Every structure is written in C-alpha cells, then in structure tokens.
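Colleague: Need a 3D model of the sequence below.
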Amino acid sequence: MNDLSRNQQFMTALSKILPSKSSVLSVSDGSLLPVLCAHTHTSLKNIFAVEGNSYSANSLSELIEHSTLPTPVQILTKSPTELTPADVGNIPIDVLLSEPFFITSTLPWHNLYFWYIRSAIDELLSPNVVIMPCVAYLKAIAVKFQNLHLLKAPVCTV
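Modeller: Numbers count the residues shown, from 1 in each chain. Coordinates of the predicted model:
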C-alpha cells in the first residue's frame, strides 16, 4: 500500500489488460488489488474479491464503504475452491488476479495454492481469461542444520 513503485507497477500491468475486460475476480488474503481495479478502471462492470479471512474481509469492507469507487466491489467470504457460478452472478470471469498471499502460508511454496485455486475455479473463467500472475518461480537451496531437530524441544532451564 505504501510502496509507490510497486503500486505503479501494478497499475501499469492492470492498465494493459483491464480496459477490454468486464469482470475481475481477486483471490488473495488482504489484497487491495480489487480496490485498485475499481478505482482506476471505470469500464469494469463486476469486481469480486474472495476473502477467506474474516479480519481481511472486514477491513476490505470498511475500506470499500468509505471510498467512492466507480465500480462496486463484491466481497465473497467463502473458500475460493467452493465458488459456484451463482456466486459471481453467472458471469464468466475475464481477469483472475492474485498477489498471491495467503494467511495460512508458513512456507514460501504454500503461496502456490493460487494455482490450485485457479484449477478449482476453471468453470467460472471465460475462455479468454487473463491470469495475473501467469508464471511462478520456486527457488531453493540445500542446507544442512546440525541441531534442527532441537528447534521445538522444551527449553527446561535457562
């Protein structure tokens, strides 16, 4: 939110794909991408934000309520894998957005959950859907820890 360079990169990327599209589905926890879309692209007809976390959903709802957005953002509070066409008004989704970040992620590869979601909601997507992000890289390095097994051992006496 406070990173102007990152926000500008998002706006540039979105401005390349959103003008010709009409419906957007955002799948992330705590993402402000739906608000950014609604604020900067008045041609959009439908913006849906899937927020599985109640705190994120409440925060986003408050932000939307106190903003003057030209396009309303509808918050869906169910799991993304449980979405049905009726949840999005039987409208095919033209753009699928994600940051991707999920509250339940503890390890870097847990955020690849976005690709699982993408496959699970395939029936909601239009044939010419634009997906952002469209590629992911998972980099790793092998390390050896001598005492890793003691990481969760009781401390006893300090």
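Colleague: Helix or strand next in line after the strand or helix carrying A13, which one?
Modeller: If you go by DSSP states H and E, A13 is part of helix 4-17. Using DSSP H and E, the helix or strand that directly follows helix 4-17 along the chain is strand 23-27.
Colleague: what is the mean pLDDT for that following strand?
Modeller: Average pLDDT, strand 23-27: 91.
Colleague: go on, stretch 2-18?
Modeller: On average, stretch 2-18 scores 82.
Colleague: in this protein, what spans have low per-residue confidence?
Modeller: Residue ranges of the chain with pLDDT under 70: 1, 157-158.
Colleague: Just the buried residues of the helix holding A13, please?
Modeller: For helix 4-17, the neighbour count (16 or more other Cβ atoms under 10 Å) marks 10-11, 14, 17 as buried. C-betas here are computed from N, CA, C, even on glycine.
Colleague: Which strands or helices does the strand ranked longest in the chain pack on?
Modeller: Ranked by residue count under DSSP state E, the longest strand found in the chain is strand 125-132. Packing contacts for strand 125-132, counted by 3 or more Cβ pairs under 8 Å, 6 or more residues apart in numbering; DSSP states H and E, involve helix 4-17, strand 93-97.
Colleague: who touches it?
Modeller: With contact meaning Cβ atoms under 8 Å, 6 or more residues apart in numbering, strand 125-132 is reached by 13-14, 17, 21, 23, 92-98, 118.
Colleague: now with 7 Å?
Modeller: 13, 17, 21, 92-97, 118 (Cβ atoms under 7 Å, 6 or more residues apart in numbering).
Colleague: and the angle from that strand to strand 23-27?
Modeller: Angle between the axes of strand 125-132 and strand 23-27 is 60 degrees (criterion: axes from the mean of the first three to the mean of the last three Cα atoms, to 10 degrees).
Colleague: what angle sits between strand 125-132 and helix 4-17?
Modeller: Angle of strand 125-132 versus helix 4-17, following the same axes, to 10 degrees, is 150 degrees.
Colleague: mind exporting strand 125-132 as CSV, just the C-alpha atoms?
Modeller: The C-alpha trace of strand 125-132 is given here as CSV (Å, rounded to 0.1, in the frame of the first residue of the first chain):
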residue,chain,number,x,y,z
LEU,A,125,-13.4,-18.5,-16.1
SER,A,126,-14.1,-17.3,-19.6
PRO,A,127,-12.2,-19.0,-22.4
ASN,A,128,-10.0,-15.9,-22.9
VAL,A,129,-9.3,-15.3,-19.3
VAL,A,130,-6.2,-13.3,-18.3
ILE,A,131,-4.5,-14.6,-15.2
MET,A,132,-2.1,-12.5,-13.1
